[in-house]
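**Q** would you be able to build a 3D model of this:
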Amino acid sequence: MKISFHGAAKGVTGSCHLVECAGKRILIDCGLYQGGRELIEENAEPFGFEPASIDFLLLTHAHLDHCGRIPLLVKRGFKGVVITTAASVELARLIMLDSAGLQEEEARYQQRKAKRRGDHSTNKIEPLYTVLDALNSLEFFGRQVTYGEPEQLADGIKATFLDAGHILGSASVYLELEENKHRHRMLFSGDLGYGGRAILNAPSAPPKADSVIIETTYGDRLHKQLQPSITELYEVINETVGRGGNVIIPTFAMERAQEILYFLREGILNGNIKHFTNVFLDSPMAISATKIFERHPECYNADTLELFHDGKDPFGFPGLHFTRETSESMSINQISGGAVIMAGSGMCTGGRVRHHLKHNIWNKRNSIVFVGFAAQGTLARRIIDGAKTVKIFGEEFPVRASIHTIGGFSAHADQAGLLAWHAKTGNPKTTFLVHGEEDSMLNFANKLHNTTVEMPLLHQSFEL
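**A** Okay, here's the model as predicted:
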């Protein structure tokens, strides 16, 4: 009986952990590495195990850094079954197909660059996986689980998915293992959310465990409170629309977009947003994700479920427009004021938001509102850091719009939330820290007591 770590080891992406017990091999997540070129190239490296040897893949949730290498796993020989929640099945399909399209687009771009250099051996440049590979991988999604109901995977192996409160369908995974009369209770946090958020429940109370594998994305810090962030969002909209400007919100398509729609609905209906405002969700992927949210009320918290049962759309309100078509997106830029425009990507590295920035960032009447993380080197980060001018589509634009960063909308638990969740696991013998930068892990490790703390290296294994 052992566990090995094949991603998110002293890093925040690429989650992938392997448990071996009673002759079976169980993979927890198979995520894509995201970030700089060096990390991205890691995706094409061997997994550290033979894909064909995996019997079960338990998917905690559908973020790209947890599900994004599943098509590659299948391409390289996986024949087992993927088990997850119903909501995660739908979201993973959306995310993996989008990722495959981007992989193909990147390969074509690299081929064009090679040809311009005079290198005609472009047949060597291939996408990590294709749309067809992503579609093929969907055939391996099998059992759909319900929170709190144990699933017998094999003799000596039982899995229970618990609500992680992170995104729609997200789960922590509790494994009850037995081999040669040796029993071991293992708990994977997945990515954890926190209580008091819109739409979703707080994470379920974890059971007692012998070993815990816990994410540490924000293991070294506390979040800004949510309610002041909501109030600040309303104030920015009121001030901007009041002076005849537009509000541009670069938005991540899954979870963040739906959460902002929920708060905009509340603000408009209760009068906290004082002017009639046209709101445009200008992201085909975010629109599709919103439709998936609407189909899964089993994941809602009590307040959102009450709206749903009363026949009210938690994400709909007067003045909301979904714009899928390119022509519709282009027409938004004819609006000189009074609009809230939500578009991807959240870090302004691609997508339609760059067009909206081009048409709005130079005008002091407008506001740009960032509600998510912006990595170093991205257009979003340059704007947040106070750039006087930015280049968009090769053209330099002055930054005259008001810039706002509202930091209370994170979907991850902060240090206090992670510690509170861990405290309920009953002094596990071993705690493995994953999915965080090394500094964050070290800070979090210093807060843990009565447990042996491990910070695994990539491909490192441990006997249980």
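**Q** residue with max distance from the center of this structure?
**A** Residue farthest from the centre of the chain, counting by C-alpha atoms, centre = their mean, is Gly118 at 39.1 Å.
**Q** would you mind measuring from it to Arg108?
**A** Gly118 sits 18 Å away from Arg108, going by C-beta to C-beta, to the nearest Å. Where you see a C-beta, it was placed from the backbone N, CA and C, and this is true even at glycine.
**Q** ok, now Thr326?
**A** Distance from Thr326 to Arg108, by C-beta to C-beta: 19 Å.
**Q** may I have the residues that are in contact with Asn363?
**A** Contacts for Asn363 were tallied using C-beta atoms under 8 Å, 6 or more residues apart in numbering; they are Gly245, Arg400, Ala401.
**Q** how many residues are close by the last one?
**A** When you say that, I think you mean Ala401. The tally of other residues near Ala401 (other C-beta atoms under 10 Å) stands at 24.
**Q** just the pLDDT at the residue nearest to it when sequence neighbours are not counted, thanks.
**A** The shortest distance from Ala401 to any non-neighbouring residue, by C-beta to C-beta, 6 or more residues apart in numbering, is to Asn366 (4.2 Å). On pLDDT, Asn366 comes in at 97.
**Q** could you pull up phi and psi at Asn366?
**A** phi -90, psi 170 (degrees, to the nearest 10).
**Q** ok, it touching Leu357?
**A** No. Counting by C-beta atoms under 8 Å, Asn366 stays clear of Leu357, with 9.6 Å between them.
**Q** hey, what's in contact with both of those two?
**A** Common neighbours of Asn366 and Leu357 (C-beta under 8 Å, 6+ apart) are Ile248.
**Q** tell me the SS of the residue farthest from the centre of the chain?
**A** coil (DSSP: H, G, I helix; E, B strand; the rest coil).
**Q** next, the contact list for it, please.
**A** Gly118 neighbours (C-beta under 8 Å, 6+ apart): none.
**Q** that one and Gln110, how far apart?
**A** Distance from Gly118 to Gln110, by C-beta to C-beta: 15 Å.
**Q** could you do Leu27 as well?
**A** Relative to Gln110, Leu27 is positioned 30 Å away (C-beta to C-beta).
**Q** and Glu38, what pLDDT?
**A** 58.
**Q** stretch 66-81: which residues count as buried?
**A** Applying a neighbour-count criterion of 16 or more other C-beta atoms under 10 Å, one finds His66, Cys67, Gly68, Arg69, Ile70, Pro71, Leu72, Leu73, Val74, Lys75, Phe78, Gly80 buried in stretch 66-81.
**Q** among these, which one lies nearest to Leu102?
**A** Of all the buried residues of stretch 66-81, Leu102 sits closest to Gly68, with 10.2 Å by C-beta to C-beta.
**Q** now that closest one: closest residue in space, sequence neighbours ignored.
**A** That would be Leu32: by C-beta to C-beta, 6+ apart, it lies 2.8 Å from Gly68.
**Q** and for Met285?
**A** Ala253 (4.1 Å).
**Q** what about the nearest residue to Leu433 once chain neighbours are set aside, neighbour count?
**A** Spatially, and ignoring its direct neighbours in sequence, Leu433 is nearest to Met441 (4.5 Å; C-beta to C-beta, 6+ apart). The number of residues packed near Met441 is 20, by other C-beta under 10 Å.
**Q** which residues does stretch 386-397 contact?
**A** By C-beta under 8 Å, 6+ apart, stretch 386-397 touches Arg354, Leu357, Lys358, Ile361, Trp362, Leu379, Arg382, Ile383, Pro398, Val399, Ile403.
**Q** restricting to C-alpha, output it in CSV.
**A** Output of stretch 386-397 as CSV, limited to C-alpha atoms (Å, rounded to 0.1, in the frame of the first residue of the first chain):
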residue,chain,number,x,y,z
GLY,A,386,0.3,50.8,-12.9
ALA,A,387,1.5,50.8,-16.5
LYS,A,388,1.0,54.2,-18.1
THR,A,389,0.6,52.6,-21.6
VAL,A,390,-0.1,49.0,-22.7
LYS,A,391,0.3,47.3,-26.1
ILE,A,392,-2.9,45.6,-27.4
PHE,A,393,-2.8,43.9,-30.8
GLY,A,394,0.5,45.6,-31.5
GLU,A,395,-0.9,49.1,-30.8
GLU,A,396,0.1,51.2,-27.8
PHE,A,397,-2.8,52.6,-25.7
